[in-house]
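J.: I'll drop the sequence and a predicted model, then ask my questions.
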Amino acid sequence: MAALLAVVLVAAVTSPVAPAAAEDPAAADLPSLPSAPGPGAPGPGGDRPPVGAPATGGTGVAGPPTAGASGEVAAAAGAAVREVQAVGAARFWGDASALDLAGRVVAIAATPSGAGYWLATTGGAVVAFGDARLRGSAAGIGLWEPVVGMAPTPSGRGYWLVAADGGVFGYGDAAFRGSAGGIDLWSPVVGMAATPSGRGYWLAAADGGVFTYGDAAFRGSAGDLALVAPVVGLAATPSGRGYWMVAADGGVFTYGDARFLGSAVGTYGDRRDVIGLARTPDGYVVVAADGSSVQFSNRSAPVARPPVQVGFVAAATAGHPTAAGWWVAGRAVPDTVIVWQPGGLRGDTEAGAHRAAAATGARSSTGHSGAVAVVGIERHGRPVVPLTPGWRLSFSAQAVDPVALSDMLGPTVTSVLRAGEVVVGARTAARLGVAANDAVRFVGWDGSIQARRVGAIGGADAVGDTELTFSVTDASRFGFVRPASVLIWDFPARAAIESATAQHVPTGQIAVDVSWRDAGRDEVLSTARLKEELGEFQFRPRSSGGDPDAIDQDQGWAAANVVMADLPILGPLRCHRRIVADLTGALAEVRASGLAGLVDVGDTRRNGGCYYPRLIRSFQGGDSGGALSRHSWGGALDLNPSYSRFGGTPNMDPRIVAIFRSWGFAWGGSWVRPDGHHMEWVGR
């Protein structure tokens, strides 16, 4: 969904209510380092080995045939996480968890009998299990882009691999019919499907484009649609006269004789967690990153299934050729620890986190975060997003070490960052229509105007929701240096790293978050998700006035989105129209519960409020990294600010907190640096 930005802008009228409180900037946009390795959604890049004939050679692994385990895998506490999960009538034939392969498992394809399958990795390695036979692989041939998909031939005596840049590699009786490897793609290829004859195949790109080869007929594409989320998978109908595509939000697109049986939109909230779609004998199944699924059939209502095993992250799915079942391939989620503090890491905190990692033999890396002011996004010299000269967009940004984190970032994002290019987050790319090879112009932290090529569109598994990701080396060239967190991984035991962090990390308003336990704090929306809900606006630093944090905001955006609401208890306040119903409901319930007397209306209206365009304020050391306050959107209410000072002990009645939480607000009093009067809308 492209953002609609006004071209003619004037300075916004200052709100009569000017909240003086500061949100916790780290609560919204920590460096979005992934919890599991993955290449994200790469963009096309550079020259690749020539593709024009069936591929031969390479290395692969023939896995030992394993006794099939039917049904779903039990999520036993402490049980080893399998890299292949069998659902329904599908049987488990083995996985590659004990093998040292190039890259992570990214594709799975079943044999015609359903008594075996192949796994393919991002590095082109292929592993065979059950009655599947190894026919060759692309490992070791110098791929320019990672493998992203796989399709078997109807005979089961061969298979194709497809890379993100559209290169196709055929093995066994899989004949080469053509590829998109020589095309300047606007969006990476994400999957493939073969025709029933085995004499052709389709490729699908993340922007919904479809490429056909051999006897695969073009039946339509989503390439001309403004997609809410990128396409992530493709499956052909049994007749070969149609196909389905699925997007990351669960949306299903049908072409030819492919019947629409339903979609998973809304199943996972506003998360973009769907990883693929597989054909079943009577319909199709949509699978999410946690291994959960929604099965759609032409004979019954949709059936939702929970994750098949805890601690598993899915990457690909394949349907059983003849029975009601499917496989999900992926890997175990590794344990991680992240040490951070509001306002950026102090030197002693950063050093202590690295000492804790070293004490246990773990690996660690510092991430930098903040906001970057974007002044232009262009494609072939033409604006992708029209911006008025002198005005800018605020993007969340992070800088990471691509060498240290290569296993987590994946080969494409790693190579892009090492080349000094920028990775744009998938949510932001979908919202604004940004594609690989676009150019982003922005204001460096040293005041210089910088330009970077968009080398890749990064998925949530690689860069999280962060809008711009740079390498630490490149970011330092324009002054973007703000240590915000230390990620720790590859430690021998949870107890060991918890003991080490307790010993080496200073105490105080510092967070040591572990992946296996809820931190117990109210979560807020990332900047990218907030913009999806409340919109995007242009701004510029205010040249005059007494508030150094105030900004001028696109008045057209404000007029369309910020309204004067007559709220229970508080009376008229300016807020974003999207939150008015929830804010009204919360305050009405506070009044109905006999708690209105606990709200200081004068203090809230005079010192708190909802809408005030400004940067996040910096208090008690540290800084906000230049991020915009959520009050700039009118998306938060500061209630009784004089009673719960920022950074102090919260003094908000817990009954009021519970009511606001039930209406979709996060309470700042639960944060590492408490903001006890701050109620931030996150949606219900």
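T.: Arrived safely, thanks for sending.

J.: C-alpha coordinates for stretch 256-267, PDB please?
T.: Output of stretch 256-267 as PDB, limited to C-alpha atoms (Å, rounded to 0.1, in the frame of the first residue of the first chain):
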ATOM      1  CA  GLY A 256      -6.800 -19.900 -14.300                       C
ATOM      2  CA  ASP A 257      -8.800 -22.900 -12.800                       C
ATOM      3  CA  ALA A 258      -7.400 -22.300  -9.300                       C
ATOM      4  CA  ARG A 259     -10.400 -21.900  -7.000                       C
ATOM      5  CA  PHE A 260     -10.500 -19.400  -4.200                       C
ATOM      6  CA  LEU A 261     -11.300 -21.300  -1.000                       C
ATOM      7  CA  GLY A 262     -10.400 -18.600   1.500                       C
ATOM      8  CA  SER A 263      -7.400 -16.700   2.800                       C
ATOM      9  CA  ALA A 264      -5.500 -16.300   6.100                       C
ATOM     10  CA  VAL A 265      -5.700 -12.500   6.100                       C
ATOM     11  CA  GLY A 266      -6.400 -11.500   9.700                       C
ATOM     12  CA  THR A 267      -5.500 -14.900  11.100                       C
END
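
J.: Low-confidence ranges, the stretch 501-650 of the chain, go.
T.: Low-confidence segments of the stretch 501-650 of the chain (pLDDT under 70): 543-545, 618-622.

J.: quick one, phi psi at the closest residue to R645 other than its chain neighbours?
T.: Sequence neighbours aside, G676 is the residue nearest to R645 in space, at 7.7 Å (criterion: CB to CB, 6 or more residues apart in numbering). Every C-beta, even on glycine, is put in place using the N, C-alpha and C of the backbone. Dihedral angles of G676 (phi, psi; degrees, to the nearest 10) stand at phi -70, psi -10.

J.: Show the pLDDT at G676.
T.: Listed pLDDT for G676 reads 95.

J.: From L639, how far out is it?
T.: Taking CB to CB, to the nearest Å as the measure, G676 falls 9 Å from L639.

J.: joint contacts of those two?
T.: Contact criterion CB atoms under 8 Å, 6 or more residues apart in numbering; residues shared by G676 and L639: M652.

J.: residue closest to the middle of this structure?
T.: A460 (2.2 Å; CA atoms, centre = their mean).

J.: Need the pLDDT of that one.
T.: Looking at A460, its pLDDT stands at 73.

J.: Tell me if I'm right that T237 and A258 touch.
T.: Yes: between T237 and A258 there is a contact at 5.0 Å, judged by CB atoms under 8 Å.

J.: where do the contact lists of the two overlap?
T.: Joint contacts of T237 and A258 (CB under 8 Å, 6+ apart) are 243-244.

J.: Quickly note the distance from the residue nearest to the centre of the chain to S396.
T.: Using CB to CB, which is the criterion applied here, A460 is 14 Å from S396.

J.: hang on, the earlier thing: so which of G676 and L639 has more stuff around it?
T.: Per other CB atoms under 10 Å, whichever of G676 and L639 has more neighbours is L639, with 31 against 24.

J.: ok, V514 - contacts?
T.: Neighbours of V514 in contact, by CB under 8 Å, 6+ apart: 335-337, 494, 497-498.

J.: The residue nearest to R645 contacts G648, correct?
T.: Yes: applying CB under 8 Å, one finds G676 in contact with G648, separated by 7.2 Å.

J.: for this protein, what spans make up the helices?
T.: 25-28, 347-360, 406-409, 411-418, 426-432, 460-463, 472-477, 494-504, 527-534, 555-561, 580-592, 601-607, 654-662 (DSSP state H).

J.: G172: which of those helices is closest?
T.: G172 sits nearest to helix 411-418 of all the helices of the chain, at 25.4 Å, using CB to CB.

J.: Which strands or helices does that closest one pack on?
T.: Applying 3 or more CB pairs under 8 Å, 6 or more residues apart in numbering; DSSP states H and E, we find helix 411-418 packed against strand 41-42, strand 422-425, strand 449-458, strand 468-471.

J.: Deepest-packed of these, please.
T.: Across the helices and strands packed on helix 411-418, the average number of neighbours (mean count of other CB atoms under 10 Å) peaks for strand 41-42, which reaches a mean of 32.

J.: mean confidence score for that strand?
T.: Mean pLDDT, strand 41-42: 25.

J.: count of residues packed around G381?
T.: 6.

J.: So if we follow the domain assignment, how does this structure break up?
T.: Using automatic domain parsing, the domains assigned to the chain come out as 83-332, 336-514, 540-681.

J.: Take those and write them to a markdown table, including distance to G520.
T.: Output for the domains of the chain, formatted as a markdown table (distance: least, CB to CB, whole Å):
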| stretch | distance to G520 |
| --- | --- |
| domain 83-332 | 20 |
| domain 336-514 | 10 |
| domain 540-681 | 7 |
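
J.: Of all the ones you listed, which one is nearest L530?
T.: Using CB to CB, the nearest of the domains of the chain to L530 is domain 540-681, at 6.7 Å.

J.: Can you get me the start-to-end distance on the closest one?
T.: Using CA to CA, to the nearest Å, the end-to-end distance of domain 540-681 comes to 25 Å.

J.: Next one: G71, what pLDDT does it get?
T.: 31.

J.: Deepest in the core, which of the helices of the chain is it.
T.: Comparing these by mean neighbour count (mean count of other CB under 10 Å), helix 460-463 comes out on top with a mean of 27.

J.: Dump that helix to CSV, keeping only the CA atoms.
T.: Presented in CSV, the C-alpha positions along helix 460-463 are these (Å, rounded to 0.1, in the frame of the first residue of the first chain):
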residue,chain,number,x,y,z
ALA,A,460,11.4,-9.8,9.1
ASP,A,461,13.6,-12.9,9.6
ALA,A,462,16.6,-10.9,8.7
VAL,A,463,16.2,-7.2,9.7
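
J.: Please state the offset of it from the chain centre?
T.: 5 Å (CA atoms, centre = their mean, to the nearest Å).

J.: now for it, which elements pack on it?
T.: helix 406-409, strand 422-425.

J.: Make JSON lines from those and add mean pLDDT and distance to R540 to it.
T.: Output for the helices and strands packed on helix 460-463, formatted as JSON lines (pLDDT from 0 to 100; distance: least, CB to CB, whole Å):
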{"stretch": "helix 406-409", "mean pLDDT": "78", "distance to R540": "33"}
{"stretch": "strand 422-425", "mean pLDDT": "94", "distance to R540": "22"}
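
J.: I'd like to know which of the ones you listed lies nearest to A351.
T.: Here helix 406-409 is closest among the helices and strands packed on helix 460-463 (CB to CB), at 22.6 Å.

J.: got the buried residues for stretch 182-194?
T.: 185-194 (16 or more other CB atoms under 10 Å).

J.: Distance to A592 added to those residues, as TSV?
T.: Listed next are the buried residues of stretch 182-194 as TSV, based on distance: CB to CB, whole Å:
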residue	distance to A592
L185	57
W186	53
S187	51
P188	52
V189	55
V190	50
G191	52
M192	57
A193	56
A194	61
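
J.: quick check, nearest of the residues you listed to G376?
T.: W186 (18.8 Å).

J.: got a list of what that closest one touches?
T.: Counting by CB under 8 Å, 6+ apart, W186 has contacts 205, 207, 209, 435-437.

J.: same question, H504
T.: 352-353, 355-356, 359.

J.: One more pass at 10 Å, please.
T.: 339, 348-349, 351-359 (CB atoms under 10 Å, 6 or more residues apart in numbering).

J.: Now do it against V339, distance only.
T.: 10 Å.

J.: who touches both of the two?
T.: 349, 352-354, 356-357.

J.: what two of those residues have the greatest distance between them?
T.: Among the shared contacts of H504 and V339, T349 and A357 lie farthest apart (CB to CB), at 13.2 Å.
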